[in-house]
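A.B. asks: Could you look at this predicted model? Sequence included:
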Number of protein chains: 2
Amino acid sequence: MEWPELPADHPTPSLIVDASRVRRNLDRMQAYCHAHGLRLRPHTKTHKSQSMARLQLDAGAIGLTVAKVGEAECMSQVCSDIFIAYPTVGGARLERLGELARSQRITVGVDSLVAAEGVRDAARRFATRIGILVDLDVGFHRTGISDPNDAIRLCEWIAQQKDLYLAGVMCFPGHILPTAGEEIWEAYQTSVHDVLDGLQKRSIEAPTISGGSTPTAMQSHRNSLLNEIRPGTYIYNDWNEVRLGVATLDDCAARVLATIVSTPSRNRFVVDAGSKTLSSDRNAAEPDSGFGHVVEFPEAKIIRLSEEHGEVVLPESYVGRPPTVGQTVWIIPNHICVCVNLQNAFYLVDGGNAIELNVDARGLLV
Amino acid sequence: MEWPELPADHPTPSLIVDASRVRRNLDRMQAYCHAHGLRLRPHTKTHKSQSMARLQLDAGAIGLTVAKVGEAECMSQVCSDIFIAYPTVGGARLERLGELARSQRITVGVDSLVAAEGVRDAARRFATRIGILVDLDVGFHRTGISDPNDAIRLCEWIAQQKDLYLAGVMCFPGHILPTAGEEIWEAYQTSVHDVLDGLQKRSIEAPTISGGSTPTAMQSHRNSLLNEIRPGTYIYNDWNEVRLGVATLDDCAARVLATIVSTPSRNRFVVDAGSKTLSSDRNAAEPDSGFGHVVEFPEAKIIRLSEEHGEVVLPESYVGRPPTVGQTVWIIPNHICVCVNLQNAFYLVDGGNAIELNVDARGLLV
C-alpha cells in the first residue's frame, strides 16, 4: 500500500497516521477475535486519542482499556465501558475513580488486598459498585499475583464486598515471544486454570478472562481460557513489532516525518527527531539496533539520540543517493506508544487530507 | 535543605519542583558567570516553562536559549533575545522563524550553507535581519563544522549577506567529562581559536563565543575564549549530574512523586512512574544503574520501566522498613529534561504552597 504524500512544507518533526492502514489493522484484529470467539477491548495507551478510540469501537471493540484514571476520564467521552488495567492505588486516584464510576461501567485490575480495599472504599463513598479483575502474574513478573491460592483468596474477598463485584481475572503475558513453543503456552494456561478451578470449587464466578500484549494477540486462542484481549500497539504497529516478526513495514500505520538538518560527514546525517520525539526506548527484539527505522535509508542506523537530534550512520559501503540538508525522511519508531505520548497532536491522513488531532489523553495525572 | 512536604493525597505520578533549590541553583550559576566574565543564556529545554524562564532572567540571564522555533515563539512571551541553538532547516520552520524575527532579536545556530541560505531567505521574505552563530564541532561529533577552514568560509559568506549578521560561533562540548584533564580543554580551546584567528585575519567580527552543557558549565573558564554559556539542566539538576559528580542529591530541585502500587515480592515493588513519566533515558555516567534514584530506598535499583510501571528491586540483604502498597516515594530521574517534557504540568512548591504550572513549550512543532 502506498504511503500518503504530504505537502513539502509540512512541519517536522511530526507524527503522521495513515487512516487506511489503521482501518486494515483494526479489521484484521477484529476478524481474528471474531474467528476465535474473543472479545476485543483495545488498550488506548497507544493512541491516547478519542478519535482513534471511536474507530476501534466502530470496528467492533466491546469497550476500551486504559492505564490511568485520567485516561479513563478522557475516554469516557466516547465509551461507557472502560477497564483500567492498573492498580488504582492512592488518594487522589481513588477519589476520581469513585466519581467516574458513578456514571460509567468501570472495571479495575488489582493485585493486592490494600488496592482492592481502596477501590471498595471509593465505590462506597460514591455510592456505586466497581468491578475488579484480579491481576495474575503469569510469568512477566511485573505486577500480578503468582500464587494461585493468594489470587483465589483475593477473588473470594472481592466477591464478598457489596460495593465491588468480581469481574474476572487479567493476565499480561509480556514474557511470551511470538515464537514461543507449546510448553510456554501450556504453562500460561495452567496458571490461569489453577485460579479458575479454585474459584469454581467455591462457586465464585469470574466471567472475564482477559489477556493482553500485541505481539501474542493473534495467538491468544492458544490459551483457550481467555475470552477477552486488550492489545494496544496493533492499531499502529512499530519497529518493535516488525523486528518481532508480527507486523510488516507496510502494516506500520504511524510514522514520524523528520527533516535532515545536518550532514556532518559523507555517511552521517542528523534529523530533527530526537528523544523528545521518538523516545529513547530501545528495540525490544534487538536492543542495540538503534532508535528506529529510516524508510529512505533502510541500511542506516539511528545510533544516538539527543533531545532534538537523531544521529544516523550509513554503512561505509553505502553508494546510494547521499542524504542532503533539507531532505525529509520517514522514521518508524521502535515503540509507537511512547512516541505518540510525546506529541501534543498528530496528523491523520485520510483520502488526501491531513487532519490535525490532539493526543487527548497524554500527560494526564493519576 | 529539607525537601518540602505535600498533602498525603497529592496526585501521583507528578513532577514537583522546589523553588528554594531552584533559586539556589540559579544564583550559583549566575555567581560563577559573574566571577568569570561570562554571559549566561540558559537553555530552556530543561524546564520549558515561561515562569522558570522569568526566574532565570530575574537572576541575571542575558537572554534565553531554545532548541525549536516553536519554543522560541513560546519564550518570546517573556524574553525578546532568544538563541535557537539548532539548525532551522525546513519550510514550515523557516516561515515561523521569519515571522518571529520581525519582532524579536533571534539568533540561530547553523552548520551548513544550505541552512544559512534558508535563514537568509526567511529574513529577506519577512524584511528583517537574523543573527547566526556558526556551529563548530569541537569533539562531540553531532552537528557542527569540524574543519576550521570550512567554518571560516561559512562565517565569511554570512558576513556578506545583508539579511544576516554573524553573531559569532557556538560549540557544544558534550564529549568533555567533568574530570577531563588540561589537554582536552586545550584541544577545545584550540579548535575555537583556529576559527577565530582566521576570522580576525579577514577582519570578520564574531562577538559571541558560546559554550554549552551543564556538566562542564562551571569549568567554562578553562576555555578562555568563551564569553557566553547556555547550560540547561543546572536549574533542576538530576541523577545524571549527581552521578557525574557535578551536583549533590540536595541540589536536585525537581523530583517525581510516585506511589507504590504493587509489592509482588519481599524485595520488589512497582511504582506508578514508568517510561511515560521518567523516560527510558539511561544514566549518562552509569548506563546500567537503572532509571533513576529512589530517595526513600537509596539502595534500590529501578530495573525495568513499562509505560506506567517502574519496577524496583531491593538488594537481597535489605533489612529496612519494607515498602508497602500506597506508600509514596520520591524519585530523582536520570535526565530531568526529558522527564519534564513528558508532563503537561508540574507543581512549584514555594513557602508551603504548591502551584500548578504548565510545561508551556512541550510537544510543540518545528
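C.D. replies: Nice, I can see it. These numbers come from a predicted model, not from an experiment. Numbering: from 1, shown residues only, chains lettered A, B, ... in the order given.
A.B. asks: And the helix or strand where residue A:97 lies, what does it pack against?
C.D. replies: Per DSSP states H and E: residue A:97 is located in helix A:91-101. Using 3 or more CB pairs under 8 Å, 6 or more residues apart in numbering or on different chains; DSSP states H and E, the elements in contact with helix A:91-101 are helix A:69-75, strand A:105-110, helix A:113-125, strand A:130-136. Just so you know, the C-beta spots here come from the backbone N, C-alpha and C atoms, and that holds for glycine as well.
A.B. asks: So which residues on the stretch 201-350 of chain A come close to chain B?
C.D. replies: A:259-264, A:270, A:272, A:275-276, A:279-282, A:304, A:306-309, A:311, A:324-326, A:328, A:337-338, A:341-345 (CB under 8 Å from any CB of the partner chain).
A.B. asks: Just the element for residue A:270, please.
C.D. replies: Here residue A:270, judged by DSSP H and E, is contained in strand A:268-271.
A.B. asks: For that strand, buried residues please.
C.D. replies: If you call a residue buried by 16 or more other CB atoms under 10 Å in any protein chain shown, then strand A:268-271 has these buried ones: A:268, A:269, A:270, A:271.
A.B. asks: quick check: domain ranges of chain A?
C.D. replies: Using automatic domain parsing, the domains assigned to chain A come out as A:36-235, A:240-358.
A.B. asks: Can you tell me how far residue A:32 is from residue A:212?
C.D. replies: 15 Å (CB to CB, to the nearest Å).
A.B. asks: higher neighbour count, the two?
C.D. replies: Residue environment comparison for residue A:32 versus residue A:212 gives the larger neighbour count to residue A:212, 24 against 19, counting by other CB atoms under 10 Å in any protein chain shown.
A.B. asks: Angles on the backbone of that one, please.
C.D. replies: The phi and psi values for residue A:212, taken as degrees, to the nearest 10, are phi -140, psi -170.
A.B. asks: Now the helix holding residue A:97 - C-alpha only, CSV.
C.D. replies: Presented in CSV, the C-alpha positions along helix A:91-101 are these (Å, rounded to 0.1, in the frame of the first residue of the first chain):
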residue,chain,number,x,y,z
GLY,A,91,-6.0,9.0,47.5
ALA,A,92,-6.3,11.4,44.5
ARG,A,93,-6.6,8.5,42.1
LEU,A,94,-9.3,6.7,44.1
GLU,A,95,-11.3,9.9,44.5
ARG,A,96,-11.5,10.4,40.8
LEU,A,97,-12.2,6.7,40.2
GLY,A,98,-15.1,6.8,42.5
GLU,A,99,-16.5,9.9,40.8
LEU,A,100,-16.1,8.4,37.4
ALA,A,101,-17.7,5.1,38.4
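A.B. asks: Report the mean per-residue pLDDT for that helix.
C.D. replies: When pLDDT is averaged over helix A:91-101, the result is 97.
A.B. asks: repeat for stretch A:69-80
C.D. replies: Along stretch A:69-80, the predicted confidence averages to a pLDDT of 98.
A.B. asks: picking that back up, out of the domains of chain A, nearest to residue B:10?
C.D. replies: Go through the domains of chain A one by one with CB to CB and the one that ends up closest to residue B:10 is domain A:36-235, at 6.7 Å.
A.B. asks: before we move on, the earlier item: gap between the helix holding residue A:97 and the chain center?
C.D. replies: Taking the mean of its C-alpha atoms, helix A:91-101 sits 23 Å from the chain's own mean (CA atoms, centre = their mean, to the nearest Å).
A.B. asks: what sits up against that helix?
C.D. replies: When contacts are taken as CB atoms under 8 Å, 6 or more residues apart in numbering or on different chains, the neighbours of helix A:91-101 outside the stretch itself are A:69-70, A:72-73, A:76, A:84, A:88, A:106, A:108, A:118-119, A:121-123, A:125-126, A:128-130, A:365-366, B:8-12, B:259.
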